[in-house]
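Participant: coords please:
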Amino acid sequence: MIRTCLIAAVASLATAVQGQGAGPADSLGSPLAGLAMARDGIAKHEGSWDRSGGNADMRRVDPGQTITLLDYRGAGIVRRFWVTIAPRAEKTIHRQAILRMYWDDSPTPCVEAPIGDFFGVGFGEQKDFISLPLNQTSGGYNCYWPMPFHRSARWTLTNLSSRRIDAFYYNIDFTALKSLPREMRHFHAQWRRENPTTPGRNYTILEAAGPGHFVGAALFMQNRRGRGLGFLEGDEMIHFDGEEKPSFIGTGTEDYFSSGWYFDRGVYSAPYHGVPILDGAQGRVSAYRWHVEDAIPFRRSIRVTIEHGHANDHEADYSSIAFYYSGEPHQPHPALPQDPAALLPFVPAPPMRIQGAIEGEDLIQGARATAGTVSAQTLEAYEGRWSGDAQLWWQPAEPGARLTLSFPAPAAGDYEVTAYMTKAPDYGRVAIALLEGDVAAFDASREIDLYGPRVAPTGPIPLGRMRLRQGANTLAIKVTGKNDRSTGYLVGLDALVLKLVE
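Facilitator: Prediction:
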């Protein structure tokens, strides 16, 4: 983390010197090399400091109120924007307090976004992370995107929530200049949301007219059906200058965010990309990717899209903020929802649970297989309901393979044991029995055929009466063959239910 902080700090200095006479913006030298060069302009500061001379250095913002953060006439470049908010980590404020920025008397906002999303984290959450242009650190929110303006800059904050913002602290540091080069473009941020996403159609992250260049996005993805991360199979696709078919096609969502394998190493932050939120249990990801070293230019237009699952087969709540530079007047951004409640994050319903069930996926740690891998599989992409939206998934390749599972009984006694399993086109036939010592008395008459024309839950399968001891017991599953129509020998165990016989 210390190394990441230093990298981000040094890179931020590089941003600060650009456009101040320190050499070309694309210099390959050290970002510290230009610090000794003379600086043009006048340092300016705007903020929430107490004008009376007291210590109440904040602004209160009542529900429905709009306050002006900055109103400046002239040319300049905003270098730093810092915020902290009370109440802290309040979801409604993060999603329903709207930041707007206008450059050079633009009739529509160049930036219009929920305050939390603007600072790179979705779902109304506050999560510490560090990147080059944006970070959240110990209650502070920081933005280092350079924001040039030729004639004027006006910023506002509107509280659309029903909760008062008790304290909004902010500092805006900028350099006032006599003029800027005409080719210097304005900073824009476009916020979008689609809840639910549309089957068969990509989610749009950015649609803008040029000339300009796209410099990054934060994408906030929430599964609406189940808890898995299957939506990460979606590829990014970028259309330039009105082209019908995208000329830029990626290989997967986590790949676009410069990671891999469904972010399986967990949350992290880096100067140009990161994952502040990764919650497989809720099916939720907040990720960012900044095109600082690889800004994407466009001449007439750009449309940045991404699939939600392969071929857009996952129903999800997607929202995003895209950052880009272009001139004025800009193409107006999509309007925010009229109902502020539509800004709030989707809250998934808790998964269905079979009462008293021992979840199959919870038995993986003690599982032992003579052949084939054993893993947890999320099943939200399939029709039907599984307890916990997941199962234990065993993948043997031939008959005769055996799997043993350790499961607990609350007390010694006779139990009626019921299994809940899965049928599928590539599943086999199995026999199930209690393991006593090294012996399992499999009953051929109770063989279970798990073939089905589609993936679906089996419903309850009685395994008969078993005498169990208190604590750990062992169940054995044997692959006995497969249905003639099946293409494999796979096995899925959703849950076990134990009912004590009085």
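
Participant: quick one, helices of the stretch 1-150 of the chain?
Facilitator: 2-17, 91-96, 115-118 (DSSP state H, counting those that start in this stretch).

Participant: In the stretch 101-250 of the chain, mark out all the strands, start to finish.
Facilitator: 111-114, 129-130, 134-137, 140-143, 147-149, 152-159, 165-177, 186-194, 203-209, 212-223, 236-240, 248-249 (DSSP state E, counting those that start in this stretch).

Participant: okay if I get those as CSV plus distance to residue 283 and mean neighbour count?
Facilitator: C-betas here are computed from N, CA, C, even on glycine. Formatted as CSV, these follow (distance: least, CB to CB, whole Å; neighbours: other CB atoms under 10 Å):
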stretch, distance to residue 283, mean neighbour count
strand 111-114, 21, 24
strand 129-130, 20, 23
strand 134-137, 23, 21
strand 140-143, 26, 20
strand 147-149, 35, 25
strand 152-159, 30, 21
strand 165-177, 30, 19
strand 186-194, 16, 22
strand 203-209, 16, 20
strand 212-223, 3, 24
strand 236-240, 20, 20
strand 248-249, 25, 12
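
Participant: and of the ones you listed, who's closest to residue 89?
Facilitator: Closest approach to residue 89 among the strands of the stretch 101-250 of the chain is made by strand 134-137 (10.4 Å; CB to CB).

Participant: And the closest one, what does it pack against?
Facilitator: strand 129-130, strand 140-143 (3 or more CB pairs under 8 Å, 6 or more residues apart in numbering; DSSP states H and E).

Participant: okay, the ones you listed in JSON lines with distance to residue 155 and mean pLDDT next?
Facilitator: As requested, these are exported to JSON lines (distance: least, CB to CB, whole Å; pLDDT from 0 to 100):
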{"stretch": "strand 129-130", "distance to residue 155": "23", "mean pLDDT": "98"}
{"stretch": "strand 140-143", "distance to residue 155": "12", "mean pLDDT": "98"}
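
Participant: can I get the ones you listed in JSON lines with distance to residue 31?
Facilitator: Output for these, formatted as JSON lines (distance: least, CB to CB, whole Å):
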{"stretch": "strand 129-130", "distance to residue 31": "16"}
{"stretch": "strand 140-143", "distance to residue 31": "17"}
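
Participant: what mean pLDDT does stretch 392-412 have?
Facilitator: Mean per-residue pLDDT for stretch 392-412: 97.

Participant: which one of the strands of the stretch 101-250 of the chain lies closest to residue 393?
Facilitator: Using CB to CB, those put strand 212-223 closest to residue 393, at 18.6 Å.

Participant: okay, the angle between the closest one and strand 203-209?
Facilitator: Here the directions of strand 212-223 and strand 203-209 differ by 160 degrees (axes from the mean of the first three to the mean of the last three CA atoms, to 10 degrees).

Participant: Could you spell out the sheet neighbours of strand 212-223, each with its direction?
Facilitator: strand 284-290 (antiparallel), strand 296-298 (antiparallel), strand 316-326 (antiparallel) (DSSP bridges).

Participant: closest to residue 72 out of the ones you listed?
Facilitator: Smallest distance to residue 72 across the strands paired with strand 212-223 (CB to CB): 19.6 Å, for strand 316-326.

Participant: Can you list the buried residues in that closest one?
Facilitator: 316-326 (16 or more other CB atoms under 10 Å).

Participant: Stretch 436-445 now?
Facilitator: In stretch 436-445, counting by 16+ other CB under 10 Å, buried: 440, 442.

Participant: what sits up against it?
Facilitator: 431-434, 464, 476, 478, 480 (CB atoms under 8 Å, 6 or more residues apart in numbering).

Participant: most surrounded residue in those residues?
Facilitator: residue 432 (25 neighbours; other CB atoms under 10 Å).

Participant: Just the pLDDT for that residue.
Facilitator: For residue 432, the pLDDT comes out at 97.

Participant: now do residue 256
Facilitator: pLDDT for residue 256: 98.

Participant: now it: how far from residue 316?
Facilitator: To residue 316, residue 256 is 16 Å away according to CB to CB, to the nearest Å.

Participant: okay, the strands of the stretch 101-250 of the chain in CSV with distance to residue 61 next?
Facilitator: Below are the strands of the stretch 101-250 of the chain laid out as CSV (distance: least, CB to CB, whole Å):
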stretch, distance to residue 61
strand 111-114, 14
strand 129-130, 25
strand 134-137, 20
strand 140-143, 15
strand 147-149, 22
strand 152-159, 4
strand 165-177, 4
strand 186-194, 19
strand 203-209, 29
strand 212-223, 24
strand 236-240, 36
strand 248-249, 40
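
Participant: how about low-confidence regions in the protein?
Facilitator: Applying pLDDT under 70 to the chain flags residues 1-29, 226-227, 381.

Participant: make it 80
Facilitator: 1-31, 225-228, 281, 349-351, 380-384 (pLDDT under 80).
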